[in-house]
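> sequence unknown, structure follows:
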């Protein structure tokens, strides 16, 4: 009777496919939260601000986006386009002169997964804290 179990490679490929599917599902759910956030900030009249990124060297640079910062340290933001932006970027002297173009990343439901305390939490909580900060002016 032949062995019907999948090979290690097949099993690994299956696990990867399941993980990618779960990440896509999580990003869809997170995007819904972001879309709700955008609707709320617009209804409340909270104007976006030009987003700045930080190079790996520590220098701040301008970006091509406007939006709202999620963290007090300004390392994450939601753009007016609904994009989720990580604001720590590579770049050198040219980036300091020209600025950088941001590319959105798939949003997670859990911000800062694996990070230090105070830097992690549910996206929903970060969005609510951002709304609260905006309301306080």
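Arrived safely, thanks for sending. Keep in mind it's a predicted model, so treat the numbers as computed, not measured.
> quick one: secondary structure of residue 71?
Judged by DSSP: H, G, I helix; E, B strand; the rest coil, the three-state class of residue 71 is coil.
> residues touching it, list them.
Residue 71 is in contact with 119, 126, counting by CB atoms under 8 Å, 6 or more residues apart in numbering. Bear in mind the C-beta positions are built from the backbone N, C-alpha and C, glycine included.
> Look at it and report its pLDDT.
Here the pLDDT value assigned to residue 71 is 91.
> now the one 5 residues further on
For residue 76, the model assigns a pLDDT of 96.
> Which residue comes closest to it once chain neighbours are left out?
Counting by CB to CB, 6 or more residues apart in numbering, residue 76 lies nearest to residue 70, which is 4.2 Å off, once chain neighbours are set aside.
> Give me the neighbour count for the one you found.
Look at residue 70: counted by other CB atoms under 10 Å, it has 24 neighbours.
> pLDDT below threshold where in this structure?
1-3, 14, 17-22, 113-118 (pLDDT under 70).
> Could you pull out the buried residues of the lengthiest helix in it?
The longest helix of the chain (DSSP state H) is helix 8-43. Buried residues in helix 8-43, counted by 16 or more other CB atoms under 10 Å: 26-27, 30-31, 33-34, 37-38, 41.
> Please apply the same query to stretch 67-78.
Those would be 67-71, 75-78, for stretch 67-78 by 16+ other CB under 10 Å.
> Quick check: bridge partners of the residue most central in space within the chain?
When the chain is reduced to its mean C-alpha position, the closest residue under CA atoms, centre = their mean turns out to be residue 84, at 3.7 Å. Beta-bridge pairing for residue 84 (DSSP bridges): residue 78, residue 105.
> can you tell me which residues contact the residue nearest to residue 76?
By CB under 8 Å, 6+ apart, the neighbours of residue 70 are 76-78, 111, 126-127, 130.
> Turn the residues you listed into a markdown table, including secondary structure and distance to residue 9.
A markdown table is the format used below for those (DSSP: H, G, I helix; E, B strand; the rest coil; distance: CB to CB, whole Å):
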| residue | secondary structure | distance to residue 9 |
| --- | --- | --- |
| 76 | strand | 36 |
| 77 | strand | 40 |
| 78 | strand | 39 |
| 111 | strand | 34 |
| 126 | helix | 39 |
| 127 | helix | 40 |
| 130 | helix | 44 |
